[in-house]
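Participant: Build the 3D model from these lines:
(chains A, B, C and D)
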Number of protein chains: 2
Amino acid sequence: MFELLHKKINEIISLTDEEFNYCRTAFTPRKLRKRQYLLQEGDVGKYQAFVEKGLLRSYKIDDKGVEHILQFAPEGWWVADLYSFFTDEPSSFNIEALEDSEVLLINKSSWDMLLQNVPKFERYFRVLLQNNLVATQRRLMGSLSETAEEKYLKYTQTYPDCMQRVPQHMIASYLGITRETLSRIRKQLSEKK
Amino acid sequence: MFELLHKKINEIISLTDEEFNYCRTAFTPRKLRKRQYLLQEGDVGKYQAFVEKGLLRSYKIDDKGVEHILQFAPEGWWVADLYSFFTDEPSSFNIEALEDSEVLLINKSSWDMLLQNVPKFERYFRVLLQNNLVATQRRLMGSLSETAEEKYLKYTQTYPDCMQRVPQHMIASYLGITRETLSRIRKQLSEKK
DNA sequence: AAATAACTGTGATCTATATCAATTATTTTT
DNA sequence: AAAAATAATTGATATAGATCACAGTTATTT
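Facilitator: Below you'll find the predicted structure:
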């Protein structure tokens, strides 16, 4: 159950067996069925989730009722509403399993304890955030400068595995375009090459 | 020279005098004249900069030659190309002073030493990154769901001080719209109210 | 295996914002 | 204070992508 987490942590910091055994106790495993929600808009995002198996997405619904996907989280990724988690404010995000999934949940107090007892974890999370920030900045710059087609090609090339597991209209929502536009782009691409 | 940095660090972690004195040695002060560059596209971003005085921006130029502003950095903010800083790859960003400014620079090896000698800094940077990530995610979601007018109102309300110090066409570039569109939006807003 | 629900494709039309082009402020430099 | 550079405004026109509407597929559920 904790193999992938262990492996991922080890890529960034090295833990003694004792430290990792303590770490285990901080998490609660949970299984999710396809379409099950880990967090719904309006609730407080009490957990950060590490995905051991399956695939989740976090998204938000705007004033006009349109969904916008912030993140897909396949195996080995973290997903949460960080703002809600750290402030205890109600979340504006939804987090939903797109496949039957297994996640490891950590709540705020366990997380605080973990950092206190194994300070190396400050570094682990710092590195994760750093990488996530760089990727999010790229996505933002791209969303301001690229055409719909460029975005589509970029993300299917960057996350080919993940994009294949996800329905097209969600890819569109992730890219910030409509499903109709994405459908037309795919048609064009298949015709020209 | 180090007052603001000291104050800002203290908001997140508490340092002994000894620790802060060590911290000082990690930074090099630098004055920048208006329009002077701290980093140019193609060079490696060797420093993270803390702004003690003045105002900088980081931006990127896309394939069509259009500028896109990632960040304005007034007093108390950090600015850098994190990707280039951590990987030593050439940067695709430019960082330019928009006013005469004073910054504190820290290079990679000093930064590594600082984290090694004062591990509390892991937490300081983790918290900075966390806040930055949340803000960048918001900006991304906004860029996908809001109209040009909504974006304009949101950012002038969120950063009123900063937005007033910056020429209009740069606000437009930050929002991801053209200067013409911004000009028309401002006209409408001034007419209707 | 039907029935239902979820997803994808395609045409017709609309719209917010971009682009192009020229004019008028406003700063900055000499 | 004039000249030069930079920034902002305004009009006319173009366009990428949105919206609407419906038909055809593919998955799930009963």
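
Participant: what's the average pLDDT for stretch A:15-22?
Facilitator: For stretch A:15-22, the mean per-residue pLDDT is 96.

Participant: the helices in chain A, which residues?
Facilitator: A:3-10, A:17-26, A:82-87, A:108-117, A:120-145, A:148-158, A:160-164, A:168-175, A:179-192 (DSSP state H).

Participant: Nearest to residue B:86, out of those helices?
Facilitator: Each of these was checked against residue B:86 via CB to CB, and the shortest separation belongs to helix A:120-145, namely 6.9 Å. For glycine as for every other residue, the C-beta is placed from the backbone atoms N, C-alpha and C.

Participant: buried sites along the closest one?
Facilitator: Applying a neighbour-count criterion of 16 or more other CB atoms under 10 Å in any protein chain shown, one finds A:120-130, A:132-134, A:136-145 buried in helix A:120-145.

Participant: That one and chain B, any residue contact?
Facilitator: Yes - interface with chain B: helix A:120-145 contributes A:122-123, A:125-126, A:129-130, A:132-134, A:136-137, A:139-141, A:143-145 (CB under 8 Å from any CB of the partner chain).

Participant: and that helix, what does it pack onto?
Facilitator: Under the contact criterion of 3 or more CB pairs under 8 Å, 6 or more residues apart in numbering or on different chains; DSSP states H and E, helix A:120-145 touches helix A:108-117, helix A:148-158, strand B:67-74, helix B:82-87, helix B:120-145.

Participant: re the thing from before, for residue B:186, find the nearest of the helices of chain A.
Facilitator: Residue B:186 sits nearest to helix A:120-145 of all the helices of chain A, at 19.9 Å, using CB to CB.

Participant: quick one, what contacts the residue in chain A that DNA strand D sits nearest to?
Facilitator: Using CB to the nearest atom of the strand, residue A:181 is the residue of chain A that sits closest to DNA strand D, at 3.2 Å. Contacts of residue A:181 were listed using CB atoms under 8 Å, 6 or more residues apart in numbering or on different chains, and they are A:148, A:172.

Participant: got it, and residue A:130?
Facilitator: Counting by CB under 8 Å, 6+ apart, residue A:130 touches B:82, B:86, B:129.

Participant: Could you find the closest non-adjacent residue to residue A:171?
Facilitator: The shortest distance from residue A:171 to any residue other than its chain neighbours is 5.9 Å, reached at residue A:163 (CB to CB, 6 or more residues apart in numbering or on different chains).

Participant: doesn't residue A:156 make contact with that neighbour?
Facilitator: Yes - between residue A:163 and residue A:156 there is a contact under CB atoms under 8 Å: 4.9 Å.

Participant: Does residue A:169 touch residue A:179 like I think?
Facilitator: Yes - between residue A:169 and residue A:179 a contact is recorded at 4.0 Å, counting by CB under 8 Å.

Participant: domains for chain A, by residue range?
Facilitator: Residue ranges of the domains in chain A are recorded as A:3-144, A:146-193, according to automatic domain parsing.

Participant: Can you add distance to residue B:21 and give the ones you listed back as JSON lines?
Facilitator: Formatted as JSON lines, the entries for the domains of chain A read as follows, by distance: least, CB to CB, whole Å:
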{"stretch": "domain A:3-144", "distance to residue B:21": "22"}
{"stretch": "domain A:146-193", "distance to residue B:21": "44"}
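
Participant: my guess is residue A:48 contacts residue A:77, does it?
Facilitator: No - because the distance of 11.1 Å does not satisfy CB under 8 Å, residue A:48 is recorded as not touching residue A:77.

Participant: what about residue A:174, distance to residue A:67?
Facilitator: Separation of residue A:174 from residue A:67 (CB to CB, to the nearest Å): 10 Å.

Participant: what does residue A:76 give?
Facilitator: The separation that residue A:76 has from residue A:67, given CB to CB, amounts to 24 Å.

Participant: Name the spans of chain A whose pLDDT lies under the cut-off.
Facilitator: Counting by pLDDT under 70, the ranges of chain A that qualify are A:192-193.

Participant: That one against DNA strand D: which residues are in contact?
Facilitator: Residues of chain A found near DNA strand D (CB under 7 Å from any atom of the strand) are A:64, A:66, A:147, A:148, A:149, A:176, A:177, A:178, A:180, A:181.

Participant: could you redo the last one with a cut-off of 6 Å?
Facilitator: Contact residues of chain A with respect to DNA strand D, defined by CB under 6 Å from any atom of the strand, are listed as A:147, A:148, A:177, A:178, A:180, A:181.

Participant: Skip the chain neighbours and tell me the closest residue to residue A:172.
Facilitator: With CB to CB, 6+ apart as the criterion, residue A:172 has its nearest non-adjacent residue at 4.0 Å, and that residue is residue A:182.
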